[in-house]
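Q: I would like to see how this sequence folds:
(2 chains)
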Amino acid sequence: MTTLPLEPVPPPQEQTTPSAEPRWRALRSIDRSDRIYQRLLTGIALALPALILVILGVLFVSALPAIERYGPAFIWTSTWDPVAEIYGAAPMIFGTLASSFLALLIAVPLALGVAIFLTEFAPRWLRQPVAFLVELLAAIPSVVYGLWGIFVLIPFLRSVVIPPLKAVFGWTPFFQGVFYGNSMIAGGIILAIMIVPYIAAVSREVLLAVPVSQREAALAMGATRWEAVRSAVLPYGRAGLIGAIILGLGRALGETMAVTMVIGNRHDISVSVLQPGYTMAAAIANEFSEATTNMYLSALFEVGLILFVLTVMVNAVARILIWRVARGTAVGSRAL
Amino acid sequence: MFRRSLFTLGIIGTLASPALSGLLQAQVRLNGAGATFPNIIYQTWILTYNQKFDNVEINYQSIGSGGGIRQFSDKTVDFGGTDAPMTDSAITAIGGNVLHIPTVLGAVVPTYNLPGVSQQIRFTADVLTDIFLGKITNWSDGRIASINPGVTLPKQDIIVVHRSDGSGTTFVWTDYLAKVSPEWLQKVGRGTSVNWPVGLGGRGNEGVTATVRQTPGGVGYVELGYALINKMAFGLVRNKSGNWIAPSLESVTAAAQGAMDQMGPSTDFRVSITDSPGAQAYPIASFTWVLLRKEYPDHAKGRELVKFVWWSLTEGQAKAPGLGYAPLPKEMRPWIEARLRAVTAGGRPAWQGPAAAGTAQ
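A: Purely as a prediction, here's the structure:
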């Protein structure tokens, strides 16, 4: 322990009046700089919500002509005809929700499996490399995912995955129609691969934060390791796990490039995952630069506004969900 | 440390450059924005022109035709670029203060993926329309077979691939279909994005190409220059005169020549040259335009801009074929010259014609 030259202020000196004066002054000046610092930070912190409000305002004002002309029917009609200036966003809203839901369906078991394996079952030497590689997936640019989707995933789906799926599930509405390649399922799978690292990384942190005592208690009761995970570890961390999933969902809702390259970009609503679809983010990215008329542009802004509101709603629902689940448990809110 | 010195250099540079150039010569800065299709040739022109005339600094941003028209109308740029001409209402909205000047020609070609077929497939206007309307759904359809004698067409579903992003390429393609088919005009119409009756959307020429290549039975449309550079398989199209025309730079220039009858010295050049009557004309071709103002407030700006445009349309044309663009027919030059002479800048004519352009300013 070395002492700093300015630091030693012996207690007896503090009690004497002459030296207390400069000390008080010093405190005053610290107080002033503290206040400036505090105001600066408050300003920065308030700038972010202000920015969100500005974005919302700009979106709304720009979308106003479309809102006035098409009314609420914009949300549930499905014709998108820039030539006749008839706009309905239903296929894109459906496509955004469906592709994200499909992605979660595939990604959640995968990501939770990875997280559970890495925290509970993997040998120590394997944990870091696997965790690193999974997180590396998050570093791949989305356009690369898109290219990989076109040149690797879609041919693979067409020749290997879809024929047997169609043979077994062809009777359900979800696997109807001819598979062209670019489709909802291709979009869902690409999205799933993209959000796995987010969900896996956060879930792993959450599971690591579950106290060892929880596991030991379950094991002491005679539980197998799987039973311990299922009955003690997962319930303890469930708020955090839901948070991890919502984080992935948020990413899936807004993803643009990779999805537009494989989803088929068709303004259609189809229950079958083999059919092409469209998402809001993809439509905006595709059509914005060549939107020549004001109403067209305004309709695209309204799509943006809907996407914005949808994302906010998903986050709000997630907050409520976590808040309700978190009553009684502690872990997890930390990881968010 | 390094960063800071760069920053300082940047500041010195920013402060010094106007002063320096002011000493040398009055520097004119021209900004343009718009269509992505002609971007490569515009950048080449700008680069070459700048080497000859270093008193002008030209900047073109390829943000898309829609953005180009918007920025031109808002007067944030000095000139625009577009693949789809401005509508009458858009022109009225800016008080008619715009000239469409064609710069080069582009064409759109049908491309397809038919495993086992090595011959070039022939298309007619009717067949193309019905394929894209979803009425012809199989390659073995009798109507395709009858115009392709000697070709064994597979019994394969047709999968239509179109552009998903708004594009001048789509405009030219749908403009052609709307011209040859009343049904297409009524059901779909023409535009940079349309409500496609069937098909998958690919993003950009490369997205359409990739999807067609990956999809047996796929048929799509891409821009000619892109197809030539990537050595893609594309079809022949029968033109108005009944000839089977392979898309090429020559047959595209021929399309403009064939369409010149519709134009005249006083045309505003917003003409569509699809389905051109010329005997050797490839029918799915179009101009791409720069948008100039009829009146520029600043004389130096207007003068240099018109000078540059004229240079592009004369000397600059030689650069076009190598980059996959079809040059304008020479016969159009006098008409364009007349239009450019009419541009005023600062209350007087911006440009005195080609003779004056040769003399150094």
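Q: for the rest of this, base every contact and every neighbour count on C-alpha atoms.
A: Will do.
Q: what sits opposite the closest residue to residue B:249 other than its chain neighbours in the beta ladder?
A: Beyond its immediate neighbours in the sequence, the residue positioned closest to residue B:249 (Cα to Cα, 6 or more residues apart in numbering or on different chains) is residue B:326, lying 4.7 Å away. With beta bridges defined as DSSP bridges, residue B:326 has these partners: residue B:105.
Q: ok, now which ones touch residue B:326?
A: Applying Cα atoms under 8 Å, 6 or more residues apart in numbering or on different chains, we find residue B:326 in contact with B:104, B:105, B:106, B:249, B:250, B:252, B:253, B:320.
Q: count of residues packed around the fifth one?
A: Neighbourhood size, residue B:250 [other Cα atoms under 10 Å in any protein chain shown]: 16.
Q: and it, its phi and psi?
A: For residue B:250, the backbone dihedrals (degrees, to the nearest 10) come out as phi -70, psi -50.
Q: quick one: contacts for it?
A: Applying Cα under 8 Å, 6+ apart, the residues contacting residue B:250 are residue B:326.
Q: so for it, what's the pLDDT?
A: The model reports residue B:250 with a pLDDT of 92.
Q: rewinding a little: what is the nearest of the contacts of residue B:326 to chain A?
A: When the contacts of residue B:326 are compared for distance to chain A, the smallest value, 17.4 Å, is given by residue B:106; criterion: Cα to the nearest Cα.
Q: neighbour-wise, which of the contacts of residue B:326 leads?
A: Taking other Cα under 10 Å as the neighbour criterion, residue B:252 ranks highest of these with 34 neighbours.
Q: didn't that one look like it was pressed against residue B:285?
A: Yes. Distance between residue B:252 and residue B:285: 6.0 Å, which falls inside the contact criterion (Cα atoms under 8 Å).
Q: between the two, which contacts overlap?
A: Each of B:105, B:106, B:107 lies in contact with both residue B:252 and residue B:285 under the rule Cα under 8 Å, 6+ apart.
Q: which of the residues you listed lies at the shortest distance from residue B:313?
A: For residue B:313, the nearest member of the shared contacts of residue B:252 and residue B:285 is residue B:105. The distance, counting by Cα to Cα, is 11.5 Å.
Q: any idea how far residue A:50 is from the closest one?
A: According to Cα to Cα, to the nearest Å, residue B:105 and residue A:50 sit 48 Å apart.
Q: got the CA positions of stretch A:124-131 in PDB?
A: Taking only C-alpha atoms (Å, rounded to 0.1, in the frame of the first residue of the first chain), the coordinates of stretch A:124-131 have been written out as PDB:
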ATOM      1  CA  ARG A 124     -14.800 -26.900 -18.700                       C
ATOM      2  CA  TRP A 125     -12.400 -26.800 -21.600                       C
ATOM      3  CA  LEU A 126     -15.200 -26.700 -24.100                       C
ATOM      4  CA  ARG A 127     -17.200 -23.900 -22.600                       C
ATOM      5  CA  GLN A 128     -15.200 -20.900 -23.600                       C
ATOM      6  CA  PRO A 129     -14.500 -22.000 -27.200                       C
ATOM      7  CA  VAL A 130     -18.200 -22.900 -27.900                       C
ATOM      8  CA  ALA A 131     -19.500 -19.700 -26.200                       C
END
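Q: now it: buried residues?
A: Within stretch A:124-131, the residues that qualify as buried are A:127, A:131, counting by 16 or more other Cα atoms under 10 Å in any protein chain shown.
Q: skipping adjacent residues, who's closest to the residue nearest the centre of chain B in space?
A: Within chain B, the residue whose C-alpha comes closest to the C-alpha centroid is residue B:288; the distance, by Cα atoms, centre = their mean, is 3.4 Å. When the adjacent residues along the chain are set aside, residue B:288 lies closest to residue B:83, with 4.7 Å between them (Cα to Cα, 6+ apart).
Q: same question for residue A:192.
A: Distance criterion Cα to Cα, 6+ apart; nearest residue to residue A:192, sequence neighbours excluded, is residue A:103 at 4.2 Å.
Q: helix, strand or coil: sort out that neighbour for me.
A: When the structure is reduced to helix, strand and coil (DSSP: H, G, I helix; E, B strand; the rest coil), residue A:103 reads as helix.
Q: so it sits against residue A:186, correct?
A: No. Assessed by Cα under 8 Å, residue A:103 is found out of contact with residue A:186, at 9.8 Å.
Q: who are the contact partners of residue B:60?
A: For residue B:60, the contacting residues are B:31, B:32, B:33, B:34, B:39, B:42, B:43, by Cα under 8 Å, 6+ apart.
Q: filter those residues to the buried ones?
A: The neighbour-count test (16+ other Cα under 10 Å) applied to the contacts of residue B:60 identifies B:31, B:32, B:33, B:34, B:39, B:42, B:43 as buried.
Q: for the helix or strand containing residue B:108, name the packing helices and strands.
A: If you go by DSSP states H and E, residue B:108 is part of strand B:99-112. In this structure, strand B:99-112 makes packing contacts with helix B:168-180, helix B:204-214, strand B:218-223, helix B:224-229, helix B:249-258, strand B:285-292, judged by 3 or more Cα pairs under 8 Å, 6 or more residues apart in numbering or on different chains; DSSP states H and E.
Q: most neighbours per residue, which of these?
A: With neighbours defined as mean count of other Cα atoms under 10 Å in any protein chain shown, the helices and strands packed on strand B:99-112 peak in mean count at strand B:285-292, which reaches a mean of 27.
Q: and it, which strands flank it?
A: The sheet places strand B:285-292 alongside strand B:79-82 (antiparallel), strand B:99-112 (antiparallel), with pairing taken from DSSP bridges.
Q: what does chain A put close to chain B?
A: Where proximity means Cα under 8 Å from any Cα of the partner chain, the interface of chain A facing chain B comprises A:79-83, A:150-151, A:155, A:180-182, A:260-261, A:264-266, A:276, A:283, A:285-293.
Q: only the buried subset of the residues you listed, as a PyMOL command please.
A: Restricted to buried positions by 16+ other Cα under 10 Å, the PyMOL selection for these reads:
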select buried, chain A and resi 79+80+81+82+83+150+155+180+181+182+260+261+264+265+266+276+283+285+286+287+288+289+290+291+292+293
